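Undergrad: Okay, sequence plus prediction incoming.
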Amino acid sequence: MKTIYLDNNATSQVASQVKDAMQPYFCELYGNPSSMYTFGGNVAKAVQDARAQVAELLGADSSEIIFTACGTESDNTAIWSAIQTQPEKRHLVTTCVEHPAVLNVMQFWERQGYRVTRLSVDNFGRLDMAEYEKALTPDTAIVSIMSANNETGTIFPIDEMAKMAHERGIVFHTDAVQAAGKIAINVKETPLDFLSISGHKIHAPKGIGVLYVRKNVRFRPFMRGGHQERGRRAGTENVPYIVGLGVACQLALDEIKQGTAEMAALRDRLEQGLVAKIPNSRVNGDVEHRLPNTSNISFKNVEGEAILLLLDQLGICASSGSACTSGSLEPSHVLRAMQVPFNFAHGSVRFSLSRYTSAEDIDYVVENMPPVIAKLRELSPFKD
Ligand code: PLP
């Protein structure tokens with residue numbers, strides 16, 4: 001059975017060009033980039049080239065790119081750094097729909113005595129700019145707001161929000177783990193201080209990330225030890241993965257330049273096909289401002305987990321907005337924050353496409369999913 005992989009916001013296939021570029025750095029060019037001899041120096045050059053490729057994706061300078069182990073480390077580091085460099089400030093701003101990589105960090109600092117403002121969203125997952133403006137105070141150490149939501153694909157007005165923070169002298173971080181490589185980001189135009197990227201969401205391997213740190217922004221390392229990354233992130237560089245991430249960024253930039261309309265068209269074909277064929281279904285999120293690859297659809301009176309199990313039997317990989325906590329299936333914090341009605345929120349499925357998704361994949365899902373929902377509704381104790 002063919003695998004129809006529509007869970008690219010969870011992780012993505014390593015691009016063959018990425019794999020090929022990484023290959024020599026395992027058994028042939030395995031030197032330590034910090035070594036003095038040429039064998040190490042050549043490897044250091046590869047790391048620098050990759051740094052330039054990542055910087056180009058963001059419109060940044062190479063010196064502003066720090067390689068980390070993952071998006072989570074980048075998020076932790078940005079918030080840590082802002083707190084450590086401004087010990088007098090005791091307030092943090094975020095949203096209630098962040099990934100746990102930010103939400104749980106905020107909760108940690110809250111337990112250390114920080115005050116945290118979590119901005120609410122409306123039914124479409126949009127932020128209220130008046131609420132945001134009110135949240136910014138002279139005591140705010142950092143604003144951390146995602147560029148795009150991992151569950152719904154909703155894109156936040158980061159440009160405007162970063163400008164508002166900067167006008168008040170407040171440090172701004174964005175978790176761009178889902179946005180980078182899918183939509184254009186230019187740090188020359190958007191006054192971000194910190195930005196997080198994760199390799200495995202953009203066809204590089206798992207275990208490599210990036211933290212962009214704007215020049216002259218005060219910084220305290222999260223990982224201490226050796227002098228790697230100019231003292232900003234200790235630990236011997238993960239050279240093959242860094243090289244791979246550089247190529248992945250280059251491929252993503254080419255894709256963005258060519259336009260992602262084709263991917264968005266496939267996403268819409270999936271969405272429209274399913275909504276037309278399955279009564280009592282609805283799309284979640286801000287469809288006007290959305291990543292081109294993401295669709296979150298709710299099907300009334302069915303359990304998301306049950307849908308995923310039956311889709312799995314058809315070779316379809318997707319993800320649900322539910323999390324099994326203490327025996328009860330709770331809708332995700334994102335759908336709850338959007339106040340998606342309970343009987344819809346439970347039956348939510350996130351489909352996320354990639355450059356490798358074909359029209360055949362989409363048509364297969366549109367054809368095979370309606371009977372799955374019909375079957376589950378027959379079994380469901382909840383009726384209209
Ligand atoms: N931030 C967002 C928005 C994500 O979607 C994810 C992963 O799903 C992360 C952070 C964490 O990234 P990583 O898996 O590289 O730690």
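TA: It's in. On a predicted model such as this, the values are computed, not experimentally measured, just so you know. Numbering: from 1, shown residues only.

Undergrad: Just the element for E88, please.
TA: Counting by DSSP states H and E, E88 is held by no secondary-structure element, helix or strand.

Undergrad: Right, and the ligand sits closest to which residue of this protein?
TA: G71 (2.8 Å; CB to the nearest ligand atom). (Glycine included, C-beta is placed from N, CA and C.)

Undergrad: isn't that residue right next to G209, touching?
TA: Yes: using CB atoms under 8 Å, G71 is in contact with G209, at 5.0 Å.

Undergrad: where do the contact lists of those two overlap?
TA: Residues touching both G71 and G209 (CB atoms under 8 Å, 6 or more residues apart in numbering) are 196-198.

Undergrad: Pull out whichever of the residues you listed are also neighbours of the ligand.
TA: Contacts with the ligand within these, as defined by CB under 6 Å from any ligand atom: S198.

Undergrad: Only whichever of the shared contacts of G71 and G209 are buried, select them in PyMOL.
TA: The PyMOL selection below is limited to those of the shared contacts of G71 and G209 classed as buried (16 or more other CB atoms under 10 Å):
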select buried, resi 196+197+198
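
Undergrad: Out of the shared contacts of G71 and G209, which is nearest to A60?
TA: Lowest distance from A60 to those (CB to CB) belongs to I197, with 10.8 Å.

Undergrad: Quick one: classify the closest one as helix, strand or coil.
TA: strand (DSSP: H, G, I helix; E, B strand; the rest coil).

Undergrad: what's it in contact with, if anything?
TA: Shown in contact with I197 (CB under 8 Å, 6+ apart): 54, 71, 74, 176-177, 180-181, 209-212.

Undergrad: V54 too?
TA: So V54 contacts 60, 65, 197, 210, 245-246, 249 (CB under 8 Å, 6+ apart).

Undergrad: and the gap between it and E73?
TA: Distance of V54 to E73, computed by CB to CB, to the nearest Å: 15 Å.

Undergrad: Counting neighbours, what do you get for the closest residue to H99 other than its chain neighbours?
TA: In space, and not counting its chain neighbours, H99 is closest to N150: 5.7 Å by CB to CB, 6 or more residues apart in numbering. Residues lying near N150 (other CB atoms under 10 Å) number 26.

Undergrad: Also the one 10 residues further on?
TA: Residues within reach of E160, counting by other CB under 10 Å, total 12.

Undergrad: Could you tell me whether it really is in a strand?
TA: No: using three-state DSSP, the secondary structure at E160 is helix, not a strand.

Undergrad: before we move on, back to that, quick one: what helix or strand has the residue nearest to H99 in it?
TA: Following DSSP H and E, there is no helix or strand that holds N150.

Undergrad: Who are the contact partners of it?
TA: Contacts for N150 (CB under 8 Å, 6+ apart) come out as 9, 99, 177-178.

Undergrad: Which SSE is immediately downstream of the worst-scoring helix or strand of the chain on mean pLDDT?
TA: One helix or strand of the chain scores below all others by mean pLDDT, DSSP states H and E: strand 322-325, with a mean of 56. Under the assignment DSSP H and E, the closest C-terminal helix or strand after strand 322-325 is strand 328-331.

Undergrad: Next, the buried residues of that following strand.
TA: For strand 328-331, burial by neighbour count (16+ other CB under 10 Å) applies to P331.

Undergrad: for stretch 226-242, same thing?
TA: Across stretch 226-242, burial judged by 16+ other CB under 10 Å covers 228-229, 232-233, 237-242.

Undergrad: what about it, how long is it end to end?
TA: By CA to CA, to the nearest Å, the extent of stretch 226-242 from end to end equals 18 Å.

Undergrad: Report the mean per-residue pLDDT for that stretch.
TA: Averaged across stretch 226-242, pLDDT comes to 98.

Undergrad: Do that stretch and the ligand come into contact?
TA: No: Stretch 226-242 does not reach the ligand (CB under 6 Å from any ligand atom); its nearest approach is 11.6 Å.

Undergrad: who's in contact with that stretch?
TA: Under CB under 8 Å, 6+ apart, the answer for stretch 226-242 is 22-23, 25-26, 29-30, 32-34, 43, 46-47, 50-51, 63, 66-69, 77, 199, 204-205, 207-208, 211, 213, 219, 221-225.

Undergrad: Show me how far it is from its chain's centre.
TA: Between the centre of stretch 226-242 and the centre of its chain there are 23 Å (CA atoms, centre = their mean, to the nearest Å).

Undergrad: re the thing from before, wait, what's in contact with the residue of the chain closest to the ligand?
TA: By CB under 8 Å, 6+ apart, G71 lies in contact with 99, 101, 175, 177, 196-198, 201, 209.

Undergrad: Now do the contacts for R224.
TA: Residues in contact with R224 (CB under 8 Å, 6+ apart) are A234.

Undergrad: cool, I278 as well?
TA: Counted by CB under 8 Å, 6+ apart, I278 has contacts 299, 369-370, 373.

Undergrad: wait, N9 sits on S354?
TA: No: applying CB under 8 Å, one finds N9 not in contact with S354, separated by 9.5 Å.

Undergrad: Between those two, which is the more surrounded one?
TA: N9 (26 against 19).

Undergrad: Can you get me a residue count around K383?
TA: The tally of other residues near K383 (other CB under 10 Å) stands at 7.

Undergrad: okay, it: pLDDT?
TA: So K383 comes in at 73 (pLDDT).

Undergrad: Neighbours of V243, how many?
TA: Based on other CB under 10 Å, the number of other residues close to V243 is 26.

Undergrad: Against K19, how distant is it?
TA: Taking CB to CB, one finds V243 at 11 Å from K19.

Undergrad: now swap in Q272 and tell me
TA: 35 Å.

Undergrad: hang on, the earlier thing: what's the overlap in contacts for N9 and S354?
TA: With CB under 8 Å, 6+ apart as the test, N9 and S354 both reach N293.
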